[in-house]
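1. Only the shape, not the letters, is given here:
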RNA sequence: GGUCUCGUGGCCGAGCGGCUAGGCUGAGCUCUGCAAAAGCUCCUACAGCGGUUCGAAUCCGCUCGAGACCUCCA
């Protein structure tokens, strides 16, 4: 029996607004697409929340035996600041600002995005396609939509004809938009606009010859529409209908709505079975965004240099902070919350370190009540994650497990009272959910062998001092190390461990 | 203005009609040469007002407050 059969996943489908049982089209295969970054500047913490959320979805579905293909794109062309016709091309704009080639901008911020992902332990997707790598396919899709009569050409641009589309299909379903009202607004449309209706959107956009990024098409020089690339790349790698499409709440309209329309307009069927939307990271109750000026860059977080930050925070503390809330709730940033998260993470992390090195002696006089408790905790991890990827409740279970691990450590509970198989399952689950599912890896306090060795020497000296009952000296070693951020902990058995503050 | 979401204890945050969330902080105890860590215990909530129900933080209505989307945004 596969794990996903034992712990069936349910998730909130934005399309219905309800929690539904997840049934992949072709189990055990699962296709996930999530909207990646537009690489015109550095990603901020808010962006990262979404990527972290889908990273966990990807990790968990893989963990419970699904064969997941996870596609996350890089938008490196065609992202205008609006569809209305006078929009500025984000990549071009940054290129001018930084005096670089557009593709240099793309490379620079793609690299930076990858570095940040690595720091936050966000796994690379199975496929990371780029818009510029799929110009041919995008032109093909525009042609298909034109052939189906759902688009029109105007001055070298191609627009999706929403009103025409609505004669046979629905538009606005995902975001709950009242399109009649949107169409009402059409009368106010600027006369100079090439669009027939204000709700129409560009699937191919003509550009002038001095636009650096441009491609030849049947309609002249231009760039692909932003909404189009996701439709093209998702259908290319996951099929015309696939399981999960994710993204931030703010992409629901118009981006995802347009994706649906394009795919239906081209291929005649709903592209996505389950839509998942992550909620926003807020600062003092307001959405974190570049335009509001309340966003931090990851590196500002690690250095603690941003004015809104009291101190620096490690990537795993931040990851833990995000996982403590549900992906569909807003999460409010604050120094207090982050400090609390940092301590909580350290607690779980030290249990992780300990249990990894702990092995069952082999024989046991089994105490079934402890075995039952441990087994229930393991099952609870799966149940919580299968329940709409509830990382918050899963963490609560992990804290419970951490307490049990500390019982092993202190000798409150003897391993000889635990069935070896149960212990093995428990250990694998704790390590697995921490590292593989939630992606909370251990942050090595000391990366330097020299330093590590030096601390060990000092620990040996302190042990000697303690056995000699030279407490003045042993306290001095401990206090002086503490002053530079190394906390020593005396174990019952005389062993001394340390942690870096 | 339209659409929608949210309002939980000192703080952050789960909760999807009945059963302990959890973390951080604070207080006490145990262990310890003293600390730290750990263990145990305690403090405590569901914005307000009505309604449905045997029973509501959880469902319905109203009021107040906050936010998101409706233009680009994870």
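-> Good, I have the coordinates. This is a predicted model, so every value here is computed, not measured.
2. contacts, neighbours, all on C-alpha from now
-> Noted.
3. where's residue A:472 relative to residue A:479, distance?
-> 10 Å (CA to CA, to the nearest Å).
4. hang on, residue A:282 is in a helix, isn't it?
-> No. Looking at residue A:282 with DSSP: H, G, I helix; E, B strand; the rest coil, it is strand, so not inside a helix.
5. neighbours around the closest residue to it other than its chain neighbours, how many?
-> Nearest residue to residue A:282, sequence neighbours excluded (CA to CA, 6 or more residues apart in numbering): residue A:332, at 4.6 Å. For residue A:332, the neighbour count with other CA atoms under 10 Å is 17.
6. Okay, now the sheet partners of whichever strand or helix holds residue A:332, with direction.
-> Assigned by DSSP states H and E, residue A:332 falls within strand A:331-333. According to DSSP bridges, strand A:331-333 forms sheet pairs with strand A:281-283 (parallel).
7. if you look at the partner strand, does any of it touch RNA strand B?
-> Yes. Using CA under 7 Å from any atom of the strand, we find that strand A:281-283 touches RNA strand B at A:281-282.
8. in that strand, what counts as buried?
-> For strand A:281-283, burial by neighbour count (16 or more other CA atoms under 10 Å) applies to A:281-283.
9. By mean pLDDT, which helix or strand of chain A comes out lowest?
-> In chain A, the helix or strand scored least confidently by mean pLDDT, DSSP states H and E is helix A:179-184, which has a mean of 64.
10. Against which helices or strands is the helix or strand just after it packed?
-> Sequence-wise, the next helix or strand downstream of helix A:179-184 (DSSP H and E) is strand A:201-206. Packing contacts for strand A:201-206, counted by 3 or more CA pairs under 8 Å, 6 or more residues apart in numbering; DSSP states H and E, involve strand A:157-160, strand A:222-224, helix A:226-238.
11. Contacts for the last one, please.
-> Residues from elsewhere that reach helix A:226-238, judged by CA atoms under 8 Å, 6 or more residues apart in numbering: A:31-33, A:35, A:69, A:71, A:73, A:77-80, A:129, A:131, A:134, A:137-138, A:141, A:203, A:240-242, A:255-256, A:258-260, A:262-263, A:271.
12. And the residue of chain A that's closest to RNA strand B?
-> residue A:248 (2.6 Å; CA to the nearest atom of the strand).
13. what ranges of chain A fall below the confidence cut-off?
-> In the predicted model of chain A, residues A:83-86, A:180-192, A:444-447 satisfy pLDDT under 70.
14. swap the cut-off to 80 and go again
-> Within chain A, the ranges that satisfy pLDDT under 80 run A:82-87, A:178-193, A:363-367, A:444-448, A:492-494, A:501.
15. For the stretch 51-200 of chain A, which segments count as strands?
-> Taking DSSP state E, counting those that start in this stretch, the strands of the stretch 51-200 of chain A run over residues A:67-72, A:151-154, A:157-160.
16. Pull up the pairing partners for the second one, direction included.
-> Strand A:151-154 has the following strand partners under DSSP bridges: strand A:157-160 (antiparallel).
17. Show me which residues of the stretch 151-300 of chain A are close to RNA strand B?
-> Within reach of RNA strand B by CA under 7 Å from any atom of the strand, the stretch 151-300 of chain A has these residues: A:175-178, A:182, A:226, A:247-255, A:278-282, A:285-289, A:291.
18. switch the cut-off to 6 Å
-> Residues of the stretch 151-300 of chain A lying close to RNA strand B by CA under 6 Å from any atom of the strand are A:176-177, A:247-248, A:250-251, A:253-255, A:279-281, A:285-289.
19. Just the buried ones from those residues?
-> A:247-248, A:254-255, A:279-281, A:287-289.
20. In helices only, show me those.
-> Assignment to helices by DSSP state H places none of these there.
21. List the neighbours of stretch A:328-345 that are in contact with it.
-> Taking contacts as CA under 8 Å, 6+ apart, the residues outside stretch A:328-345 that touch it are A:277-285, A:309-310, A:313-314, A:316-318, A:320-322, A:325.
22. no no, stretch A:258-265
-> Applying CA under 8 Å, 6+ apart, the set of residues contacting stretch A:258-265 is A:145, A:148, A:150, A:160, A:165, A:171, A:201, A:227-228, A:230-231, A:240, A:269-272.
23. ok, and what's touching stretch A:458-475?
-> A:477-478, A:494, A:496.
24. Tabulate the residues you listed (JSON lines), appending neighbour count.
-> Putting those into JSON lines (neighbours: other CA atoms under 10 Å) gives the following:
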{"residue": "A:477", "neighbour count": "18"}
{"residue": "A:478", "neighbour count": "17"}
{"residue": "A:494", "neighbour count": "11"}
{"residue": "A:496", "neighbour count": "15"}
